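>>> Got a predicted structure here, sequence first:
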Amino acid sequence: MTIVSRGFHGRRAAPGKKLPPGQYETTGFPVLSASPTPRVARDTWELTVTTEVGQRHVWDWSALTALPSDTPTVDLHCVTKWSKFGTRWQGVSLDVLLADVETAADYALVSSYGGYTTNLPLEDLLDGQAWIMYGYDGEDLAPEHGGPVRLLVPHLYLWKSAKWVRGIELRDD
């Protein structure tokens, strides 16, 4: 028994856009969260990167925003089947953030204010593939979208792009 009838092709993408199978395009920005939205003040926010040997690197808001920033425009795809094309962001590349961090780790465990965690291979966070974002569409990143900062890994579905990021633990297992 098939679950898709012959001739069903789903919604069609706009010309020139690559809509993944089973996705639909949205022009809004849906808000999806597994828990209540934490409200983290910039004056108390900090990001800690801890290596597999326990070395800690810490950035407060001023230190993070003093780093060279990028303004990528990327497409987003969510496991809940929506896609949003041409989103505009501002933030710091993980390449810049980890440039002075000595590690032989293969994985990263990203933790958020509010308790959410996600694990990723480190190779998915480097080479211009991921950022710590603090701006969206020319504005500060709103709390419901992960502000003050969120991880953005656009080549993976959005659930790997943790909101309200507070720490990255580098691991070799």
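Sure, I can see it. Keep in mind that this is a model prediction, so the values were computed, not measured.
>>> Could you check the pLDDT of the most centrally placed residue in the chain?
Using Cα atoms, centre = their mean, the residue of the chain that lies closest to the mean C-alpha position is Leu152, 2.1 Å off. Note for Leu152: predicted pLDDT of 97.
>>> isn't it right next to Ala130, touching?
Yes. With contacts counted by Cβ atoms under 8 Å, Leu152 reaches Ala130, the gap being 6.5 Å. To be clear about C-beta, it is placed using only N, CA and C from the backbone, and glycine gets the same treatment.
>>> just checking, Gly138 touches Arg88?
Yes. The pair Gly138 and Arg88 passes the contact test of Cβ under 8 Å, sitting 6.9 Å apart.
>>> Pick out whichever of the two has more residues nearby.
Neighbours per residue, other Cβ atoms under 10 Å: of Gly138 and Arg88, the larger number sits with Arg88, 12 against 9.
>>> And what about the more buried one, helix, strand or coil?
Here Arg88 is recorded as strand under DSSP: H, G, I helix; E, B strand; the rest coil.
>>> residue contacts, Trp82?
Taking Cβ atoms under 8 Å, 6 or more residues apart in numbering, we find Trp82 in contact with 23-26, 30.
>>> any idea how far Gly138 lies from Trp89?
From Gly138 across to Trp89, the span is 10 Å (Cβ to Cβ, to the nearest Å).
>>> Great, nothing more from me.
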